[in-house]
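**Q** Sequence below, structure please.
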Amino acid sequence: MNYIQIAIDGPAGAGKSTIAKLIADKLNYTHIDTGSMYRAITLKAIILNIDLADENSYGFVDDTTFKFINNEIYMDGKNVSSEIRGNDVSNNVSLVSSHLYVRERLVKAQYDMAQNFNIVMDGRDIGYNVLPDATYKFFLTASIETRAKRRHMDNLNRGIKSDVERLQKEIKRRDHLDQTRKHSPLKPAEDAEIIDTSDLSIDQVVNLITGKIREEF
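**A** Numbers count the residues shown, from 1 in each chain. Sure, this is the predicted structure:
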């Protein structure tokens, strides 16, 4: 059976995870938030108190398990969906995800997950690296100011202290790290459709993408 794969990429705060989840719900597909997997590994690395810059310290990744249940991520059998959204994780996930050792293992896990379901997968390198043959590819972007405001509201809703100006600086820094890392940098696939979400609501983006998909059904 040939399953439908929808790849959604984009920078931090572009709304891709929320949008991917809503699209998956609308189409009754499985949603895989790859960014949460990198965040979970970052959380585990912090808990283990390893040197985050030392790629040789990430051997624990091989023994780490992931499951997505009701759009929440479980690492080693524990729901870590809230813990991975903390500022400490957010400020270090770009460094952790830049390590080839980490990326190779998580990319394989993500690819394997996508072979058994109709899926919507979001991340930063899905369209050209994880699922280069995906049926549909989209790259969501937005201005730094818009993304910072969105992240600020998300933090407040989660009960996390937040400052918009600080978030703008952090997002700008993370964009640079993600775009310039040696392995699988943030960029759209050559055949991806780029959508600027700065002036669009979440529902508008969801309807835009699902409309394009349903046109071909």
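**Q** how about the CA coordinates for the longest helix along the chain, as CSV?
**A** If you go by DSSP state H, the chain has its longest helix at helix 164-180. What follows is helix 164-180, C-alpha atoms only, in CSV (Å, rounded to 0.1, in the frame of the first residue of the first chain):
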residue,chain,number,x,y,z
VAL,A,164,9.0,39.3,23.4
GLU,A,165,12.3,41.2,22.8
ARG,A,166,14.3,38.3,24.2
LEU,A,167,12.4,35.8,22.1
GLN,A,168,13.2,37.8,18.9
LYS,A,169,16.9,37.6,19.7
GLU,A,170,16.7,33.9,20.5
ILE,A,171,14.8,33.2,17.3
LYS,A,172,17.2,35.2,15.2
ARG,A,173,20.1,33.3,16.8
ARG,A,174,18.4,29.9,16.3
ASP,A,175,17.6,30.8,12.6
HIS,A,176,21.3,31.4,12.1
LEU,A,177,22.3,28.2,13.8
ASP,A,178,19.7,26.1,11.9
GLN,A,179,20.5,27.7,8.5
THR,A,180,24.3,27.4,8.8
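**Q** Pull out the buried positions in it.
**A** Across helix 164-180, burial judged by 16 or more other C-beta atoms under 10 Å covers 167-168, 170-171, 174-175, 177-178. Glycine gets a C-beta too; all of them are placed from N, C-alpha and C.
**Q** mind listing what the closest residue to Asp196 other than its chain neighbours touches?
**A** Closest residue to Asp196 apart from its sequence neighbours, by C-beta to C-beta, 6 or more residues apart in numbering: Thr141 at 5.5 Å. Neighbouring residues of Thr141 by C-beta atoms under 8 Å, 6 or more residues apart in numbering: 10-11, 14, 194-197.
**Q** Now restrict those to buried residues only.
**A** For the contacts of Thr141, buried by 16+ other C-beta under 10 Å: 10-11, 14, 195, 197.
**Q** Just flag the most distant two among those residues.
**A** Of all pairs drawn from these, the widest gap by C-beta to C-beta lies between Pro11 and Ile195 and measures 12.6 Å.
**Q** hmm, back to that, least confident of the contacts of Thr141?
**A** Among those, Ala14 carries the lowest pLDDT, at 90.
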